[in-house]
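[1] how would this look folded up:
(one chain, ligands or ions: 1)
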Amino acid sequence: MMATLVNFKIDGKEYLAEEGTFILAAAKDNGVYIPSLCNFEGIKPKGSCRMCTVRVNGNLMTACTTRVFDRMEIVNMSDELEELRRGIVELMLTEGNHFCPSCEKSGFCELQALAYRYRISSPRFPYLSPDRPVESKNPKIMKDQNRCILCKRCIRAIKDENGKSLFAFKNRGYQVVISIDTELAGGISDELAQKAMDICPVGAILKKRNGFKVPIGERPFDKVEIGSEVGTMS
Ligand code: SF4
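    Next up, the predicted model:
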C-alpha cells in the first residue's frame, strides 16, 4: 500500500512526510535539525527531556512524540524556543556534576555538544553539586550517577534476549537514579556493554577498559557542531 504523504511547514517552508511520522524524524528526513537529547532513532520516543519543544499550530509540543499531519505549521527556530532549550541545557549542567575534561565521553557527549552549540560557558543557575555514587561492581560497565540526565535511553534500549531491561529507575522525585539489574547485567556481553555506553547521551554509562581509544580532538563533536549532520534548523 502506498504511504500517504502530508504537507507541513517548518518556519514557513513547506515539506513532505509520510503521514504518522513524528515531527523530529520528519524534520530530519527533510534536512531540518531539531535539537533533542532523550530521543534515539529506533527506540520508542519518550518526550522526557523537552529539548525538542516546538510550536505546533501555536501550541508547545515535543517534536519527538508528536506526529505530523496535513497542513501542520511548526515553529522550530525562534528566540523563545532557543532560549527554552538553552535553559534546559543549563539546568542539566547545574543539576548534576559534569566535569567534561575528565569524562571519557567528552567529544561524544550530546549534552556537552549542546552546551557548545548554545555557547554556554557559565550557566546562569547555581550549581547544586549533589553527592552521587559511582557504581563499578559490574565487570563490564560502570555507572556514574553524577552525569545521568535521566533520559531513559538505557531503560528503553538495553534489554536481554527476553526483552527485560538491564536498567531501571529507582526512588522517586529528585532522588530518582538509574539502577543496574545486577543479575541481568552480570553476564552482559561486550557488544551490549558498548551499546549501553553508546546509547547514553552523556558519560553516565561507560564500558570498562575502553578509555581514550579515540584521542581527544578526534571525537565527533570536537570537529563538528551537533546537528550539522542533519542540516540546518529551518
Ligand atoms: S544512564 Fe545515560 S542513558 Fe541512562 S538515563 Fe542516565 S543519561 Fe540516560
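[2] For the rest of this, base every contact and every neighbour count on C-alpha atoms.
    Will do.
[3] list the buried ones in the lowest-mean-pLDDT helix or strand in the chain?
    Ranking every helix and strand in the chain by mean pLDDT, DSSP states H and E puts helix 182-186 at the bottom, with a mean of 93. For helix 182-186, a neighbour-count test (16 or more other CA atoms under 10 Å) marks residue 185 as buried.
[4] Same check on stretch 187-195?
    188, 192-195.
[5] I'd guess residue 16 is in a helix, am I close?
    No - counting by DSSP: H, G, I helix; E, B strand; the rest coil, one finds residue 16 to be strand, located in no helix.
[6] Let me know the pLDDT of residue 192.
    pLDDT, residue 192: 97.
[7] before we move on, what about residue 234?
    74.
[8] now residue 86
    98.
[9] so how many other residues sit close to it?
    18 (other CA atoms under 10 Å).
[10] contacting residues for it?
    Taking CA atoms under 8 Å, 6 or more residues apart in numbering as the criterion, residue 86 is in contact with 115, 118.
[11] So what does it look like in phi/psi?
    phi -60, psi -40 (degrees, to the nearest 10).
[12] got it, and residue 112?
    The phi/psi pair for residue 112 (degrees, to the nearest 10) is phi -60, psi -40.
[13] and if you look at the one 3 residues further on?
    Dihedral angles of residue 115 (phi, psi; degrees, to the nearest 10) stand at phi -60, psi -40.
[14] Does it touch residue 91 like I think?
    No - counting by CA atoms under 8 Å, residue 91 is not a contact partner of residue 115; they are 11.0 Å apart.
[15] which SS class is residue 92?
    Residue 92 ends up helix, using three-state DSSP.
[16] Pull up the per-residue confidence for it.
    Value listed for residue 92 in the pLDDT field: 97.
[17] how near is it to residue 131?
    Taking CA to CA, to the nearest Å as the criterion, residue 92 is separated from residue 131 by 15 Å.
[18] neighbour count winner among those two?
    For residue 92 versus residue 131, neighbours defined as other CA under 10 Å are more numerous around residue 92 (19 against 10).
[19] Is the nearest residue to residue 57 once chain neighbours are set aside bridged to anything, and to what?
    Excluding the flanking residues, the one nearest residue 57 by CA to CA, 6 or more residues apart in numbering is residue 73, at 5.2 Å. Beta-bridge partners for residue 73, by DSSP bridges, are residue 9.
[20] Report the contact partners of residue 73.
    Per CA under 8 Å, 6+ apart, neighbours of residue 73: 8-12, 56-57.
[21] Could you rerun that using 6 Å?
    Contact partners of residue 73, counting by CA atoms under 6 Å, 6 or more residues apart in numbering, are 9, 56-57.
[22] Any of these buried? List them.
    Among those, those buried by neighbour count (16+ other CA under 10 Å) are 9, 56.
[23] can you tell me which of the contacts of residue 73 are up against the ligand?
    When CA under 6 Å from any ligand atom is applied, no member of these is adjacent to the ligand.
[24] quick check, nearest of the contacts of residue 73 to residue 18?
    Nearest to residue 18 out of those is residue 9 (CA to CA; 13.7 Å).
[25] Now the element after the least confident helix or strand of the chain, going C-ward?
    For helix 182-186, the following helix or strand on the C-terminal side (DSSP states H and E) is helix 190-199.
[26] May I have that following helix as CSV, with CA atoms only?
    The C-alpha trace of helix 190-199 is given here as CSV (Å, rounded to 0.1, in the frame of the first residue of the first chain):
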residue,chain,number,x,y,z
ASP,A,190,30.9,-6.8,25.3
GLU,A,191,28.6,-5.8,22.5
LEU,A,192,25.7,-4.9,24.8
ALA,A,193,28.1,-3.0,27.2
GLN,A,194,29.3,-1.0,24.3
LYS,A,195,25.8,-0.4,23.1
ALA,A,196,24.8,0.9,26.6
MET,A,197,27.8,3.2,26.6
ASP,A,198,27.0,4.5,23.1
ILE,A,199,23.3,5.0,23.7
